[in-house]
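In: starting from these lines, generate the structure:
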Amino acid sequence: MVENGNRFFEKCWSGKSSLHHFVGQHAVPIDFIRGLRHRIRSCPTFIASNYPNMTYTIQIRNSNQSFPVEEGESILDAALRHGISLPYACRNGVCGACKGKCISGEIEYPSPELLVALPQAERDEGFALFCQGRACSDLEIEADIVDENAQKPEKLPARVVKLEQLAHDVMRLYLKLPAGKRLPFLAGQYIDILLSDGRRRSFSIANPPHDDEFIELHIRHVPGGRFSDFLFSEMKEGAILRIEAPFGQFHFREGSERPMIFMAGGTGFAPIKGVIEHILAEGVTLPMHFYWGVRAKRDLYLHDMAQAWADEHPFFNYIPVLSDPMEEDQWQGRTGFVHEAILEDFTSFSEHDVYACGPPVMIHSGQQAFLDRGLPEDRFFCDPFEYAADNPAKES
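Out: Numbering: from 1, shown residues only. Presented below is the predicted three-dimensional model:
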């Protein structure tokens, strides 16, 4: 009996063999085993003294690539740590860019209720969000390897050289790396600012790679947000921050000959700015349509810059859209939701590439509507900004 109990405990703890197999052998409800394993893992004193953190192996199907993952570490973080570039964008379970399939093994999620991009029906079919999923056993997964030569993120100190308030709730922050150091990145990627307690805040890089003397960030003030409150009230030029970069697979797809539609919501302007400035510097003259959705006129914090792109380039079209203009705006332009303005102007998206950055609701609404009008799924490139408190969610 003791031996059987020990084997039962070991399987609940380690997950090294299939829980479904163990359930079949011993007629134990699988939900009971999962719950017991969770309670065992939540006892730090017992775990520390008897069972060190487990390490599992992730094998990518149809590839010779495999990598180890620590218990409690997301599958995506482990892949990036080992130089394997799986698809991802928000790292918050919102956008679905990291979605793949779990062929064998067990995955758990720290907060299943936050898996916006993974409906229960897809979970039942074996799909998983690798940015949130934690391995409970060795896994075989099905996922694309985006770029085997992707720049591996590195941690660096960065000095605040300039603060510029662009709007009532938007600050432009310029960071300077140590002398002689440059950050290789693709236009549209983002950085993590590492806070003293181990938490992170993610912000898109607003400058293009060729203009890299400073790292430019556009940061929206989120009331009650630890970092943005500090930025707007206390941060001084000369402060030293710790960053890790680059991250993200939102960037311009070189070589495409298709017209482009850019959709930004609020400070989603930041990565779009970096991409557009990169494209213009490269001499690309394909038709470009930039839609910037904000609430009121005051939120178009670099309106003159966007208008100058349109004035100077006949192939560039700029359309600002206000969802809730104020009376003093005396606004004569487009109103409503920005994705609906795009739908009014295009009956088909089958010959376009679409780049979208901003709130998740804008991203999801636009994506579904554009796909319904013929946009191929692999031509929708997005970066949702989730204003979350304590996980690696993008704030700008």
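
In: quick one: average pLDDT of the helix or strand where residue 157 lies?
Out: Following DSSP states H and E, one finds residue 157 within strand 154-167. Looking at strand 154-167 alone, the average pLDDT works out to 97.

In: show the subsequent helix or strand relative to that strand.
Out: The C-terminal neighbour of strand 154-167 among helices and strands, as given by DSSP H and E, is strand 170-176.

In: hmm, who's touching that following strand?
Out: Residues lying outside strand 170-176 but in contact with it, judged by Cβ atoms under 8 Å, 6 or more residues apart in numbering, are 158-166, 203, 206, 213-221, 231-232, 241, 243, 267, 299, 301. Quick note: C-beta positions are derived from backbone N, CA and C, even for glycine.

In: buried among those? Make that a ChimeraX selection.
Out: Restricted to buried positions by 16 or more other Cβ atoms under 10 Å, the ChimeraX selection for these reads:
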select :158,160,163,166,203,206,214,215,216,217,218,219,220,221,231,232,241,243,267,299,301
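
In: count the neighbours of residue 268 for me.
Out: Each residue near residue 268 was counted by other Cβ atoms under 10 Å, and the total is 30.

In: show me what the strand holding residue 157 is packed up against.
Out: The contact analysis (3 or more Cβ pairs under 8 Å, 6 or more residues apart in numbering; DSSP states H and E) places strand 154-167 against strand 170-176, strand 240-247.

In: what does the last one contact?
Out: Just to be clear, that refers to strand 240-247. With contact meaning Cβ under 8 Å, 6+ apart, strand 240-247 is reached by 91, 151, 153-160, 175, 183-186, 189-194, 200, 202, 205, 215.

In: can you select the buried ones from those in PyMOL?
Out: With 16+ other Cβ under 10 Å as the burial test, the buried ones among those are selected in PyMOL as follows:
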select buried, resi 91+151+153+156+158+160+175+183+185+186+189+190+191+192+193+194+200+202+205+215
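
In: C-alpha coordinates for the strand holding residue 157, CSV please?
Out: Listed in CSV are the C-alpha atoms of strand 154-167, where the atom choice follows Å, rounded to 0.1, in the frame of the first residue of the first chain:
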residue,chain,number,x,y,z
GLU,A,154,19.9,41.0,-23.4
LYS,A,155,19.8,43.0,-20.2
LEU,A,156,21.3,46.4,-20.2
PRO,A,157,21.4,49.6,-18.2
ALA,A,158,19.9,52.7,-19.8
ARG,A,159,20.0,56.3,-18.8
VAL,A,160,17.0,58.7,-19.0
VAL,A,161,18.3,61.6,-21.2
LYS,A,162,15.0,63.4,-21.9
LEU,A,163,11.4,63.5,-20.8
GLU,A,164,8.9,65.2,-23.0
GLN,A,165,5.2,65.4,-22.3
LEU,A,166,3.4,65.0,-25.6
ALA,A,167,-0.2,65.0,-24.3
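
In: strictly from the record, what residue spans define the domains of this protein?
Out: Residue ranges of the domains in the chain are recorded as 2-50, 55-142, 154-247, 260-384, according to automatic domain parsing.

In: any idea how far apart the tips of the third one sit?
Out: Across domain 154-247, the terminal residues are separated by 10 Å (Cα to Cα, to the nearest Å).

In: which residues in the stretch 101-250 of the chain form strands?
Out: Per DSSP state E, counting those that start in this stretch, the stretch 101-250 of the chain has strands spanning 107-108, 127-129, 134-135, 139-142, 154-167, 170-176, 190-194, 200-204, 215-220, 240-247. These are given in chain order.

In: could I get the average pLDDT for the third one?
Out: It stands for strand 134-135. Strand 134-135 shows an average pLDDT of 95 in the prediction.

In: contact partners of that strand?
Out: Outside strand 134-135, the residues that reach it (Cβ under 8 Å, 6+ apart) are 15, 56, 58, 69, 71-75, 105-110.

In: now that strand, how far from the centre of its chain.
Out: Using Cα atoms, centre = their mean, to the nearest Å, the distance from the centre of strand 134-135 to the centre of the chain it belongs to is 19 Å.

In: what's the answer for stretch 339-349, then?
Out: For stretch 339-349, the distance between its averaged C-alpha position and the chain's averaged C-alpha position is 25 Å (Cα atoms, centre = their mean).

In: list the buried residues of it.
Out: Across stretch 339-349, burial judged by 16+ other Cβ under 10 Å covers 339-343, 346, 349.

In: what of stretch 165-176?
Out: Of all the residues in stretch 165-176, those buried under the rule 16+ other Cβ under 10 Å are 166-167, 169-175.

In: now render the residues you listed as TSV, adding distance to residue 84.
Out: Putting the buried residues of stretch 165-176 into TSV (distance: Cβ to Cβ, whole Å) gives the following:
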residue	distance to residue 84
166	37
167	39
169	38
170	35
171	35
172	34
173	31
174	32
175	28
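
In: tell me which of these is nearest to residue 331?
Out: The shortest gap between residue 331 and any of the buried residues of stretch 165-176 belongs to residue 167, at 16.1 Å (Cβ to Cβ).
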